[in-house]
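A.B. asks: sequence and predicted structure, then a few things I'm wondering about:
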Amino acid sequence: MPFAPADTSARSSRVSVLVCEHSQVQLRILSEAVRAAGYEVHTANTADDALGLLRLMPIDIFLTGIEVGETSGLEACWQLKSNPETETVYTIVVTASGQEKRLEESLDAGADDFIRKPVNMTELRARLRAATRLVRMQRQFRRMAETDALTGAANRRAFMQYLESQADLARRGGNPLSVIMVDLDHFKRINDTYGHACGDRVLTGTVKAVQACLRERDMLGRLGGEEFAVVLPGAQGEAAIRAAERIRTAVSGQVFTDDKGEPIPVTASLGLALTGHDDVMETAESLLHMADEALYEAKGAGRNRVMIAPPRSETPRIAAVG
């Protein structure tokens with residue numbers, strides 16, 4: 001379900017484990033055991049490499065030795081737990097037998113669990129299963145906190161966080177990024193004529209229709225009422241325009257009926273903002289503002305159409321009309 005990067009968070013149901021060990025032999029043994037237990041496995045030889053991976057990809061469980069380069073595994077645990085973006089990563093420290101002092105240091109550094117060398121694989125699997133239960137519970141809580149209760153789209157807070165992170169990546173890497181504002185046409189009339197229960201059906205159906213048009217890394221958010229927004233990382237030019245037109249067509253192609261079986265027409269107006277049309281890399285707020293202005297133009301031009309935000313002071317142009 002393309003909410004976030006298309007799951008409310010857009011992640012697979014598999015739990016990912018990052019194994020960090022300085023010894024190639026230990027790294028191979030541990031990673032093969034974790035993979036055989038059914039986990040998605042990533043590896044690193046040093047804590048610094050591991051921290052770099054954790055900044056680039058979602059990791060659920062961090063399994064690390066203590067002596068893993070200039071930065072110790074304990075320091076890596078402390079850094080993870082002190083960062084709001086990674087504090088939920090479940091950390092397991094591998095300690096040498098008899099190192100009771102290091103065990104105490106591990107727990108003080110924020111480790112959630114520990115396992116002693118030589119690692120008993122049955123015990124390792126059991127500890128991973130216990131960690132997995134907590135990881136999945138945290139995912140559920142996070143999904144509830146980030147999701148609009150009625151429609152299942154991302155709520156405004158979650159959407160803005162994702163848009164800001166993607167805009168930052170676009171500015172630093174020069175990657176394209178597009179934002180679409182989507183507003184249902186004459187929605188108040190639907191509520192007033194057919195009732196709010198019908199309006200809710202239109203909203204939830206529209207979200208499903210839009211989600212079906214999105215890629216895994218796209219995100220659909222409900223900003224309020226009948227107003228939605230979509231962020232399209234990596235999309236530019238004609239690809240973004242086609243995506244917007246798919247959404248417009250999907251919304252207008254829905255079939256809703258009233259209590260008498262009469263059809264209820266539903267359409268949407270869309271405003272599209274693109275990066276890469278000039279030398280200025282936009283912020284999240286400016287992209288959203290540009291898309292909102294293009295949406296306003298789409299409403300004024302007759303609704304049920306896609307309008308593209310112009311490069312700076314030019315006039316918005318129509319991309320598609322229903």
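C.D. replies: Done, it's in. Residues are numbered from 1 along each chain as shown.

A.B. asks: need the three-state assignment for Leu232.
C.D. replies: Under DSSP: H, G, I helix; E, B strand; the rest coil, the three-state class of Leu232 is strand.

A.B. asks: strands along the stretch 1-150 of the chain, start to end?
C.D. replies: Under the criterion DSSP state E, counting those that start in this stretch, the stretch 1-150 of the chain carries strands at the ranges 16-20, 40-44, 61-64, 90-96, 113-117.

A.B. asks: partner strands of the second one, parallel or antiparallel?
C.D. replies: Strand 40-44 sits in its sheet next to strand 16-20 (parallel), going by DSSP bridges.

A.B. asks: now do the partner strand: distance to the chain's middle.
C.D. replies: Chain-centre distance of strand 16-20: 20 Å, with CA atoms, centre = their mean, to the nearest Å.

A.B. asks: do the same with stretch 158-177
C.D. replies: 12 Å.

A.B. asks: and stretch 141-148, by the same measure?
C.D. replies: How far stretch 141-148 lies from its chain's middle: 12 Å, per CA atoms, centre = their mean.

A.B. asks: would you check how far apart Ala240 and Leu287 are?
C.D. replies: Separation of Ala240 from Leu287 (CB to CB, to the nearest Å) stands at 12 Å. For the C-beta atoms, the positions are set from N, CA and C on the backbone; glycine is no exception.

A.B. asks: over to Met144?
C.D. replies: Using CB to CB, we find Met144 at a distance of 28 Å from Leu287.

A.B. asks: tell me which of those two has more neighbours.
C.D. replies: In this comparison of Met144 against Leu287, neighbours counted by other CB atoms under 10 Å, the higher total goes to Leu287 at 25 against 10.

A.B. asks: just checking, next helix/strand downstream of the helix or strand containing that one?
C.D. replies: If you go by DSSP states H and E, Leu287 is part of helix 284-300. Next in sequence after helix 284-300, counting helices and strands by DSSP H and E, comes strand 305-308.

A.B. asks: got a pLDDT number for the nearest residue to Leu107 once chain neighbours are set aside?
C.D. replies: Using CB to CB, 6 or more residues apart in numbering and skipping the chain neighbours, the partner closest in space to Leu107 is Phe114 (7.3 Å). Listed pLDDT for Phe114 reads 86.

A.B. asks: thought Phe114 was touching Val93?
C.D. replies: Yes. Using CB atoms under 8 Å, Phe114 makes contact with Val93 at a distance of 4.8 Å.

A.B. asks: these two: who's more crowded?
C.D. replies: A direct count of neighbours by other CB under 10 Å for Phe114 and Val93 places Val93 higher, at 27 against 17.

A.B. asks: quick one: residues contacting the nearest residue to Glu75 once chain neighbours are set aside.
C.D. replies: Leaving aside its chain neighbours, Glu75 sits nearest to Ala47 (6.5 Å; criterion: CB to CB, 6+ apart). Contact partners of Ala47, counting by CB atoms under 8 Å, 6 or more residues apart in numbering, are Cys20, Thr64, Val68, Gly69, Glu70, Thr71, Ser72, Gly73, Glu75, Ala76.

A.B. asks: any of those residues buried? List them.
C.D. replies: Buried residues within the contacts of Ala47, counting neighbours by 16 or more other CB atoms under 10 Å: Cys20, Thr64, Val68, Gly69, Thr71, Ser72, Gly73, Glu75, Ala76.

A.B. asks: from what I see, the first one and His42 are in contact.
C.D. replies: What that stands for is Cys20. No. Contact criterion CB under 8 Å: Cys20 and His42 do not qualify, at 9.4 Å.

A.B. asks: show me the helices in the protein, by range?
C.D. replies: 24-36, 47-56, 73-81, 100-108, 121-146, 156-173, 187-194, 196-211, 237-252, 284-300 (DSSP state H).

A.B. asks: check the ones you listed for me: which has the lowest mean pLDDT.
C.D. replies: Ranked by mean pLDDT, the helices of the chain bottom out at helix 100-108, which scores a mean of 67.
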